[in-house]
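[1] How does the following fold in three dimensions:
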Amino acid sequence: MKKVYFLFSLFLFPILLQAQFKPAFEKKIFLDQNAWLNRQISMAGTNRYSDVAANPVRTSLIDTTKTSIPDTMKYNMYGDLLNDNPLYNKKSSIAMVALRVTLSNVTTFVIDRYIFNYEFSRVGFNSWKHNIQTGWEWDQDRFGMNYFFHPFSGAMYFNAARANGYSFFGSVPFAFFGSLEWEYLGENTLPSYNDFINTPITGSFLGEIFYRIGSNFLDDQSTGAERFFREAFVALITPTRFFSRLLQGKLTRLTPEEVYQKEPFNLTFQAGYHKVNVGKAIENAGTSSLNLNLTVDYGNPFEKRSRKPFDYFRVRGDLDFGVGRKIIDLATGHGILFGSNVQVGNLEMLVGLFQHMDFFDNKTFELGSIGFGPSIISKLPMSKSTSLYTNLHAGFVPFGALSNRFGITDTAQVRDYNYAGGAEGKIELAFNIGGRVSLAFIGYYWWFHTYVGVAGNSYIGIIKPSISFRLFNNVSLGFEHLVYYSDRYPRDFPSVHSVRTEQKIFVQVFIEEFQFKR
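    The predicted structure is shown next:
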């Protein structure tokens with residue numbers, strides 16, 4: 001979805017400088033309770049700690065604090081709310097949220113039609129009639145459009161509801177509504193099955209992640225320049241949430257306490273040299289590039305508490321510079337939908353149903369998938385400073401895509417991939433030794449059966465061992481070796497088998513429990 005972010009700054013700057021130190025409501029609620037909680041935090045000396053790097057020092061508050069409002073003002077072990085406070089986050093009517101979804105589509109249409117003058121944006125009564133009477137198709141859009149930009153649009157529809165008091169599951173129908181509205185009315189091309197699947201489902205996945213990260217950045221107790229940059233960041237990742245806050249007067253609202261659910265989250269940055277080989281051998285042929293990687297671990301999966309969707313998630317993204325137009329190399333992640341914590345001896349586990357998203361767009365293949373299945377996240381301490389972390393996932397892939405590579409290069413601006421479905425399995429291991437050395441292994445495997453495209457079955461595997469050494473503080477130096485396996489068995493063509501390797505040398509910076517604190 002295309003947004004004119006410059007307009008956001010024009011809205012934000014004059015408004016946020018007017019913020020005053022006064023409460024949004026005349027009632028000053030729960031101040032005594034918050035004062036008590038702050039005293040407990042100070043007394044306990046709570047240390048936030050990483051779920052991917054061992055920390056021998058761990059103290060915590062009691063898991064929850066009973067209050068007069070059931071479920072809404074309980075605290076996690078870090079002193080943060082377990083839910084958004086409904087007193088400050090009122091639930092809007094269905095009609096109002098539907099209107100905001102429609103306004104989002106109208107804004108996108110105006111930009112497409114009157115700024116970029118795209119041919120597909122020339123819509124009217126004739127195109128609407130044609131779309132309704134003719135029906136649906138599988139579209140020919142290029143891979144990045146269908147599996148990256150369309151889900152981003154779905155995230156905006158989702159957040160039009162999520163930012164107006166709706167839960168995760170309560171927001172999902174609005175993502176479908178926004179997608180359906182756009183398919184019939186926003187373009188002069190026929191509505192497409194793949195967009196109506198991928199936009200709202202993956203869009204809800206991304207939308208909840210954007211909402212959770214945005215909530216960690218927002219602070220309705222802050223003012224001035226600090227407030228401006230907090231609101232500007234949220235405007236950047238979720239424009240529909242920004243506009244909801246603007247219309248509700250929340251941009252300048254000041255509260256006497258925290259009003260959003262927040263979880264500790266860790267950021268891992270990597271930057272370094274990326275070598276992509278033509279085949280298995282490491283040689284001069286191939287490409288070299290600058291690679292940037294960001295991994296976000298949100299929430300403590302081992303905190304014993306009731307679980308809601310995306311109280312825990314992990315997402316990764318890779319950018320490659322110097323290899324042509326395919327800058328976004330991958331975006332992948334998983335988040336919990338339902339689950340509970342289990343402990344057997346020293347082994348701590350989070351067991352549940354997870355949702356997965358995968359997007360790989362490189363010179364070897366294009367792969368996108370939506371997955372659902374059981375997962376186990378575990379931690380096994382072996383000594384005071386050594387632990388083994390394991391993520392095990394198995395999933396059903398109801399819908400995905402995989403490049404066909406038959407007669408069309410992967411730089412095509414039209415569809416050069418098959419629509420498919422199947423299953424996936426994933427394992428992620430991290431062995432942290434004494435806080436100095438980290439050994440890691442990632443293994444992904446997909447089976448795809450083609451729905452639309454070159455008929456047949458494909459089997460894709462990725463293995464990625466790595467090692468890193470801590471240099472000082474949270475800075476490490478590491479090496480990673482990656483192997484892609486591709487076995488394709490098309491019904492009407494000879495089978496295709498290929499292997500390709502990559503190497504990375506990187507500097508890694510780990511930022512633990514990253515939050516803007518006042």
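
[2] Let's see the pLDDT reported for N418.
    pLDDT, N418: 94.

[3] ok, Q133 - contacts?
    Q133 makes no contacts at all, as judged by CB atoms under 8 Å, 6 or more residues apart in numbering. The C-beta positions use only the backbone N, C-alpha and C, and glycine is treated the same way.

[4] next one: the one 10 residues further on
    If a contact means CB under 8 Å, 6+ apart, then F143 has 361, 366, 368, 401, 403, 415-417 as its contacts.

[5] And it, how far from Y419?
    Shown here: F143 relative to Y419, a distance of 11 Å by CB to CB, to the nearest Å.

[6] which residues do the two both contact?
    Jointly contacting F143 and Y419 under the rule CB under 8 Å, 6+ apart are A401.

[7] Poorly predicted segments of the stretch 301-450 of the chain, please.
    In the prediction, the stretch 301-450 of the chain carries residues with pLDDT under 70 at positions 405-413.

[8] Which parts of it are strands?
    Listed in chain order, the strands of the stretch 301-450 of the chain (DSSP state E, counting those that start in this stretch) span 313-321, 328-344, 347-361, 366-381, 387-403, 417-433, 437-452.

[9] For F265, which of these is the nearest?
    Smallest distance to F265 across those (CB to CB): 9.0 Å, for strand 313-321.

[10] Show me what the closest one is packed up against.
    helix 193-217, strand 287-298, strand 328-344 (3 or more CB pairs under 8 Å, 6 or more residues apart in numbering; DSSP states H and E).

[11] sorry, back to before: and the contacts of F143 as TSV, adding neighbour count and distance to R305?
    Shown next, in TSV, are those (neighbours: other CB atoms under 10 Å; distance: CB to CB, whole Å):
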residue	neighbour count	distance to R305
D361	25	37
E366	25	39
G368	27	33
A401	27	37
S403	26	42
R415	23	44
D416	20	46
Y417	26	41
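
[12] which one of these is nearest S171?
    Using CB to CB, G368 comes nearest to S171 of the contacts of F143, at 22.4 Å.

[13] quick one: contacts of stretch 379-392?
    By CB under 8 Å, 6+ apart, the residues outside stretch 379-392 that reach it are 51-52, 54, 56, 302, 314, 334, 346-349, 375-378, 426-435.

[14] Output the strands of the stretch 301-450 of the chain as JSON lines; include the columns distance to R491.
    Formatted as JSON lines, the strands of the stretch 301-450 of the chain follow (distance: least, CB to CB, whole Å):
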{"stretch": "strand 313-321", "distance to R491": "33"}
{"stretch": "strand 328-344", "distance to R491": "29"}
{"stretch": "strand 347-361", "distance to R491": "24"}
{"stretch": "strand 366-381", "distance to R491": "20"}
{"stretch": "strand 387-403", "distance to R491": "15"}
{"stretch": "strand 417-433", "distance to R491": "12"}
{"stretch": "strand 437-452", "distance to R491": "8"}
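
[15] Would you list the phi and psi of L190?
    Note on L190: backbone dihedrals following degrees, to the nearest 10 are phi -70, psi 150.

[16] Mind listing what's buried along stretch 375-386?
    Within stretch 375-386, the residues that count as buried by 16 or more other CB atoms under 10 Å are 375-380, 386.
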